[in-house]
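Visitor: Below: sequence and its predicted model.
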Amino acid sequence: DAKTTQPNSMESNEEEPVHLPCNHSTISGTDYIHWYRQLPSQGPEYVIHGLTSNVNNRMASLAIAEDRKSSTLILHRATLRDAAVYYCILRDRGGSRDDKIIFGKGTRLHILP
Amino acid sequence: KAGVTQTPRYLIKTRGQQVTLSCSPISGHRSVSWYQQTPGQGLQFLFEYFSETQRNKGNFPGRFSGRQFSNSRSEMNVSTLELGDSALYLCASSDQGNGYTFGSGTRLTVV
């Protein structure tokens, strides 16, 4: 089972920031937090990942709570092309050979022009 | 570099037939995973291969099988197709520790 919970859907206006929350209260010390998104008619696309510190890349920022039980994906200026399903996933990197990711239902992000 | 390539993109089969789907990972990636995506169940993990060995398997019947070749290319096979097997089948490759790169998928329709 997925170990994360996300809202089913969210709406945002174009050119405004978007904060997508994710709860992962059972996260272990070796779990990385990954975010993927899936645009219509495409496979999922890697967005960002982090362990403890906040992370930034050209696509988004990831803010991780101090206790690591929640995180927030931040799109700084949403465009219509950001409309997608966003998945928050935990991936164990503690040396385990169990290198699979389990997707939850994700958050469907609607961008209003 | 080239992304993950899945063939064919679309496929129509009849019930009872079997099908083989192919996935070519990113060059140098040794881990290949397969997922089934349906509107009702979302993305479900099928299996994962690393260096020609199946390391993990999801909760799918034995009709679903796969393999990985020495060049890391992978195939999955579904035998005795059922209507409920209609789905988008996605392949993803990884170089361990980094993000997964997904292909565009094979859309299978069983009639």
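Guide: Happy to help now that I have it.
Visitor: Let me see the backbone angles for the residue nearest to A:Q42 when sequence neighbours are not counted.
Guide: Of all residues not flanking A:Q42 in the chain, B:S104 sits nearest, at 6.2 Å (C-beta to C-beta, 6 or more residues apart in numbering or on different chains). For every residue, glycine as well, the C-beta is placed using N, CA and C. Main-chain dihedrals, B:S104, degrees, to the nearest 10: phi -80, psi -10.
Visitor: burial count for B:S104?
Guide: Neighbourhood size, B:S104 [other C-beta atoms under 10 Å in any protein chain shown]: 16.
Visitor: for B:V32, same thing?
Guide: Residues lying near B:V32 (other C-beta under 10 Å) number 28.
Visitor: cool, and B:F69?
Guide: 12.
Visitor: Report how many residues lie close to the residue lying closest to it once chain neighbours are set aside.
Guide: Residue nearest to B:F69 in three dimensions, not counting chain neighbours: B:E52, with 6.9 Å by C-beta to C-beta, 6+ apart. Neighbour count for B:E52, taken as other C-beta under 10 Å: 13.
Visitor: and if you look at B:Y10?
Guide: B:Y10 has 9 nearby residues by other C-beta under 10 Å.
Visitor: roughly how far apart are it and B:S104?
Guide: The gap separating B:Y10 from B:S104 is 11 Å, by C-beta to C-beta, to the nearest Å.
Visitor: looking at chain B, which helix or strand does the model trust least?
Guide: Least confident helix or strand, chain B: strand B:53-57 with a mean of 90, by mean pLDDT, DSSP states H and E.
Visitor: OK, contacts around the residue nearest to A:Q42?
Guide: A:42-43, B:6, B:9 (C-beta atoms under 8 Å, 6 or more residues apart in numbering or on different chains).
Visitor: Could you pull up the residues touching the residue nearest to B:R73 when sequence neighbours are not counted?
Guide: Among residues not flanking B:R73 along the chain, B:S24 sits closest, at 5.1 Å (C-beta to C-beta, 6+ apart). Shown in contact with B:S24 (C-beta under 8 Å, 6+ apart): B:4-6, B:73.
Visitor: can you put these in CSV and add secondary structure?
Guide: CSV is the format used below for the contacts of B:S24 (DSSP: H, G, I helix; E, B strand; the rest coil):
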residue, secondary structure
B:V4, coil
B:T5, strand
B:Q6, strand
B:R73, coil
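Visitor: Quick one, which of these are buried?
Guide: With neighbours counted by 16 or more other C-beta atoms under 10 Å in any protein chain shown, these contain buried members at B:4, B:6.
Visitor: Next, format the contacts of B:S24 as TSV and append distance to B:L43.
Guide: Listed next are the contacts of B:S24 as TSV, based on distance: C-beta to C-beta, whole Å:
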residue	distance to B:L43
B:V4	15
B:T5	19
B:Q6	15
B:R73	22
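Visitor: Dump the contacts of B:S24 into JSON lines; add pLDDT and distance to A:N56 as well.
Guide: Output for these, formatted as JSON lines (pLDDT from 0 to 100; distance: C-beta to C-beta, whole Å):
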{"residue": "B:V4", "pLDDT": "96", "distance to A:N56": "26"}
{"residue": "B:T5", "pLDDT": "96", "distance to A:N56": "31"}
{"residue": "B:Q6", "pLDDT": "97", "distance to A:N56": "31"}
{"residue": "B:R73", "pLDDT": "97", "distance to A:N56": "35"}
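Visitor: so where do the strands sit in the chain?
Guide: Answering for chain A, as no chain was given. Per DSSP state E, chain A carries strands over the ranges A:9-13, A:18-23, A:31-38, A:45-50, A:55-56, A:61-64, A:70-75, A:84-92, A:107-112.
Visitor: if you could check chain B rather than the one you did, that'd help
Guide: Using DSSP E, the strands found in chain B span residues B:5-7, B:10-13, B:19-24, B:31-38, B:42-50, B:53-57, B:64-68, B:74-78, B:87-94, B:101-102, B:106-110.
Visitor: I appreciate the help and will end here.
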